[in-house]
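In: sequence and predicted structure below; questions after.
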Protein chains: 2
Amino acid sequence: MVLEEYLKTKQERVDGALGEYLPKRDGFSSEISESMRYTLFAGGKRIRPVLCMASAEAVGGREDMVLPIACAIEMIHTYSLIHDDLPSMDNDNYRRGKPSNHKIFGDGVAILAGDALLTEAFSLLSGTIKGVSPEKNLEIIREIATAAGFQGMIGGQVADLRAEGKTVDMETVDYIHAHKTQALITVSIRAGAIAAGADADDLKALSEYGRKTGLAFQIADDILDIESSREILGKETGRDEGLNKATYPALIGLAESKERTRKLVEDALSDIRRFDKKAEPLRMIARFIAERKS
Amino acid sequence: MVLEEYLKTKQERVDGALGEYLPKRDGFSSEISESMRYTLFAGGKRIRPVLCMASAEAVGGREDMVLPIACAIEMIHTYSLIHDDLPSMDNDNYRRGKPSNHKIFGDGVAILAGDALLTEAFSLLSGTIKGVSPEKNLEIIREIATAAGFQGMIGGQVADLRAEGKTVDMETVDYIHAHKTQALITVSIRAGAIAAGADADDLKALSEYGRKTGLAFQIADDILDIESSREILGKETGRDEGLNKATYPALIGLAESKERTRKLVEDALSDIRRFDKKAEPLRMIARFIAERKS
């Protein structure tokens, strides 16, 4: 199996499902749905939904059981990007190679489009999910809400916002990464596994894998911000340094950051050693995260 | 039973529960939780949670069955206030008699506090609710997400934002009211009734009551914006006219707006005629909405 093919197939499934869940609208809803769709379909890599589906498959589940969950998580991720790009947050003019949402629709509608994607995610999660019991469905909603909330992703964004322009220590950087990035990536993996009926041991191993690949993903992102360019990445680069952002490269240097990423991926692979070949996509994704160039 | 006493008792129950669901936090979460609590405990009337509990009681349910639902809806209402007050939206400096959230915490944290309250609402809704089956619990989440989303409350706010400074027709005003205000008020009443096990006929009657009291509430609010003052209302008044906001008073005048409110309340009371004295709080609240001075 080649990773590129696997990713392409999954990304197409996710894009197709998102298009069905959030079709174009007429009348009063046309502008807000256009704004929601603008960033949702701006060409994201769909890493979180792919991890969700790959995790379900690793424990013997089927992709279609978790497609609504995977799409809901991508909606939450997209809302966080729209809000993070706002002038009162990171003030980013570009996202996924296109002008940021608020540069097209204005700050007001961009805020509301983010709100709407977040709300729509929970609407989707509370619909009937094939083969998932109502009890498990509620458990999945609870885990996702916690990972996305002020004790998870939002908490990380607040700390990130407050760290700007300050000299920060490793504790702060770790808090930001654990909450802003790792929480949603880990819950993508956990939610897929829970839906597919993973037992406690499998779930624990997959959570560890998620935590480590999530951190590796963030450090790799910070390395790319230094080494890549807007042409390749589709967003402005070199911004972290300008904003004096809290990152691993800023604290421990590029070489050590790369070594840390490599070690995290190695450990993540070790965490899921006990799984059979159905976990092969998870293994490929972990390696891809450490090696990606965009 | 005196309405003031009933409201006071319910408001205290809601405030107590909200304080338990969202306690003060230390460390990295201290600022965001302070910002969330700032507007949540700024002295709102708790109309939506009270309606939710009164509706449950009208069909024979108990208050404690619906307390988490009532509180989740108040969190959603509060998030919408924080975001609506932002400079890129209604640009309101005062809310509930105090400076708006963003005037204290800055736009970035205010946006995140709103996001966090919305997320926390779904976390709360997906917890175990005493006496409510997981199936019904999911149904309640689905209804609330739909009412709060881009086809509900957010859709109304977008239309309201776009109507500013323009001459709008009755169709637009009705769309804005139906979505921005009525949707969340109606779902407060429906969710309470669903949790308490209402049958289809009861639910239909209560939904009609909700739709009409919701609209009456909004028209009364617009009348107060003209006739009251900041001292009484705790927020700036006379702003609708300055912003050329889409309101009933602007379209059909004050006298006709008051008559419309009176008629809506009368019809709402007629909708719940079939209920016994357990629906008395709902009747008192409907009358209160039409007559309130703040």
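Out: Thanks, I have the structure now.
In: for chain A, which residues score under the pLDDT cut-off?
Out: Low-confidence segments of chain A, defined by pLDDT under 70, span residues A:1, A:229-244, A:293-294.
In: all strands for it, in order.
Out: A:94-95, A:98-99 (DSSP state E).
In: winner for burial among those strands?
Out: Comparing the strands of chain A by mean neighbour count (mean count of other Cβ atoms under 10 Å in any protein chain shown), strand A:94-95 ranks first with a mean of 20. For glycine as for every other residue, the C-beta is placed from the backbone atoms N, C-alpha and C.
In: grab the nearest non-local neighbour of the most centrally placed residue in chain A.
Out: The residue lying closest to the centre of chain A (Cα atoms, centre = their mean) is A:Arg48, at 4.6 Å. Spatial nearest neighbour of A:Arg48, chain neighbours left out: A:Ser188 (4.3 Å); criterion: Cβ to Cβ, 6 or more residues apart in numbering or on different chains.
In: over to A:Arg274?
Out: The nearest residue in space to A:Arg274 (Cβ to Cβ, 6+ apart) is A:Ala205, at 6.4 Å.
In: from chain B, how far off is that neighbour?
Out: Counting by Cβ to the nearest Cβ, to the nearest Å, the separation of A:Ala205 from chain B is 25 Å.
In: enumerate the residues of the stretch 151-294 of chain A near chain B.
Out: A:Gln151, A:Ile154, A:Gly155, A:Gln157, A:Val158, A:Ala159, A:Leu161, A:Arg162, A:Tyr175, A:His179 (Cβ under 8 Å from any Cβ of the partner chain).
In: and the first one, how many residues sit next to it?
Out: Right, the one you point to is A:Gln151. 22 (other Cβ atoms under 10 Å in any protein chain shown).
In: circling back to that earlier point, the residue nearest to A:Arg274: what's it in contact with?
Out: With contact set as Cβ atoms under 8 Å, 6 or more residues apart in numbering or on different chains, A:Ala205 has these partners: A:Asp271, A:Ile272, A:Arg274, A:Phe275.
In: can you redo those residues as JSON lines with neighbour count?
Out: Formatted as JSON lines, the contacts of A:Ala205 follow (neighbours: other Cβ atoms under 10 Å in any protein chain shown):
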{"residue": "A:Asp271", "neighbour count": "20"}
{"residue": "A:Ile272", "neighbour count": "20"}
{"residue": "A:Arg274", "neighbour count": "10"}
{"residue": "A:Phe275", "neighbour count": "17"}
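In: can you tell me which of these is nearest chain B?
Out: Nearest to chain B among the contacts of A:Ala205: A:Asp271, at 26.4 Å, using Cβ to the nearest Cβ.
In: what's near enough to touch that closest one?
Out: Here A:Asp271 is in contact with A:Ala205, A:Leu206, A:Glu208, A:Tyr209, A:Lys212 (Cβ under 8 Å, 6+ apart).
In: go ahead and confirm A:Phe217 touches A:Ile47.
Out: Yes: between A:Phe217 and A:Ile47 there is a contact at 7.2 Å, judged by Cβ atoms under 8 Å.
In: overlap of the contact sets of these two?
Out: With Cβ under 8 Å, 6+ apart, A:Phe217 and A:Ile47 have common neighbours A:Ile185, A:Ile289.
In: of these two, who's got more company?
Out: Remark: of A:Phe217 and A:Ile47, A:Phe217 carries more neighbours, 25 against 21, as counted by other Cβ under 10 Å.
In: not counting sequence-adjacent ones, nearest residue to that one?
Out: That would be A:Ile289: by Cβ to Cβ, 6+ apart, it lies 4.9 Å from A:Phe217.
In: ok, now how distant is the one you found from A:Ser207?
Out: Separation of A:Ile289 from A:Ser207 (Cβ to Cβ, to the nearest Å): 17 Å.
In: ditto for A:Pro134
Out: Distance, A:Pro134 to A:Ser207, by Cβ to Cβ: 23 Å.
In: same question for A:Asp84.
Out: To A:Ser207, A:Asp84 is 25 Å away according to Cβ to Cβ.
In: do A:Ser55 as well
Out: On the measure of Cβ to Cβ, A:Ser55 and A:Ser207 end up 10 Å apart.
In: these two: which is more packed in?
Out: Taking neighbours as other Cβ under 10 Å, A:Ser55 and A:Ser207 compare with A:Ser55 leading, 33 against 17.
In: list the contacts for the more buried one?
Out: Residues in contact with A:Ser55 (Cβ under 8 Å, 6+ apart) are A:Ser188, A:Ile189, A:Arg190, A:Gly192, A:Ala193, A:Ala196, A:Leu206, A:Gly210, A:Leu282.
In: quick check, nearest of those to B:Ile104?
Out: Minimum distance to B:Ile104 across the contacts of A:Ser55 is 34.3 Å, recorded for A:Ser188 (Cβ to Cβ).
In: neighbours of A:Gly44, how many?
Out: 20.
In: could you find the closest non-adjacent residue to it?
Out: A:Gly44 sits nearest to A:Arg96 (Cβ to Cβ, 6+ apart), 6.1 Å away.
In: for stretch A:142-149, which residues meet the burial criterion?
Out: A:Arg142, A:Glu143, A:Ile144, A:Ala145, A:Thr146, A:Ala147, A:Ala148, A:Gly149 (16 or more other Cβ atoms under 10 Å in any protein chain shown).
In: just to check, the fifth one is in contact with B:Ser123?
Out: This means A:Thr146. Yes: between A:Thr146 and B:Ser123 a contact is recorded at 5.8 Å, counting by Cβ under 8 Å.
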